[in-house]
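> Here is my input, please return the structure:
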Amino acid sequence: MPHDPTASMTDVQRLAWFEAQAEQAYDKMYDATHSTEAAARYSDAKDAMSDAIALARRLGQDTTVARLEARLAHIKAVFRSQFS
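Okay, here's the model as predicted:
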C-alpha cells in the first residue's frame, strides 16, 4: 500500500495540501513538452482540486468551496482554450 502523505495532517492542513498539489500540477501544465503530458498534469490538478473541494464541503467551509470551485472552473477553461 502506498504511503499517504496526508495521513498525519489535520483536516485544515490536508485541505491546504490538496490545494497546493492542484496549483503545482496546474503550473506543470505549462511546462509540458507534449499534449499528453499537459493532459496528465490537468488531470492531476482536477483530482487534487476535487479532493480539496470535497474536504472543504465536509468541513462546512462554504466560502472555501465556492473559491475552489471557481478556481477549478478557471483551470478547466484554461486547459480547454490553450491545450485542447
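
> Only C-alpha atoms from now on, for both contacts and neighbour counts.
Noted.

> Asp44 touches Ala22, doesn't it?
Yes - under the contact definition of CA atoms under 8 Å, Asp44 touches Ala22, with a separation of 6.8 Å.

> These two: which has the busier surroundings?
Counted by other CA atoms under 10 Å, Asp44 and Ala22 do not tie: Ala22 has more neighbours, with 27 against 20.

> That one and Gln61, how far apart?
Using CA to CA, to the nearest Å, one gets 18 Å for the distance from Ala22 to Gln61.

> Equivalent analysis for Phe79, please.
Note on Phe79: its distance to Gln61, by CA to CA, is 27 Å.

> Which of these two has more residues huddled nearby?
It is Phe79, of Phe79 and Gln61, that has more neighbours when counted by other CA under 10 Å, with 17 against 12.

> thinking the more buried one is in contact with Tyr42, fair?
Yes - at 7.1 Å, Phe79 counts as touching Tyr42 under the criterion of CA under 8 Å.

> Point out where the chain drops to low pLDDT.
Low-confidence segments of the chain (pLDDT under 70): 1-2.

> For it, just list every one of the helices.
With DSSP state H as the definition, the chain shows helices at residue ranges 11-31, 35-58, 62-82.

> Would you convert those into JSON lines that also reports distance to Asp4?
Conversion of the helices of the chain to JSON lines gives the following (distance: least, CA to CA, whole Å):
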{"stretch": "helix 11-31", "distance to Asp4": "11"}
{"stretch": "helix 35-58", "distance to Asp4": "14"}
{"stretch": "helix 62-82", "distance to Asp4": "23"}
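
> Can you name the residues that contact Met29?
When contacts are counted by CA atoms under 8 Å, 6 or more residues apart in numbering, Met29 touches Glu37, Ala38, Ala39, Arg41, Tyr42.

> do that again at 10 Å, thanks
With contacts defined as CA atoms under 10 Å, 6 or more residues apart in numbering, Met29 is in contact with 23, 35, 37-45, 79, 83.

> Quick check: the gap between it and Arg41.
Between Met29 and Arg41 the distance, using CA to CA, works out to 5 Å.
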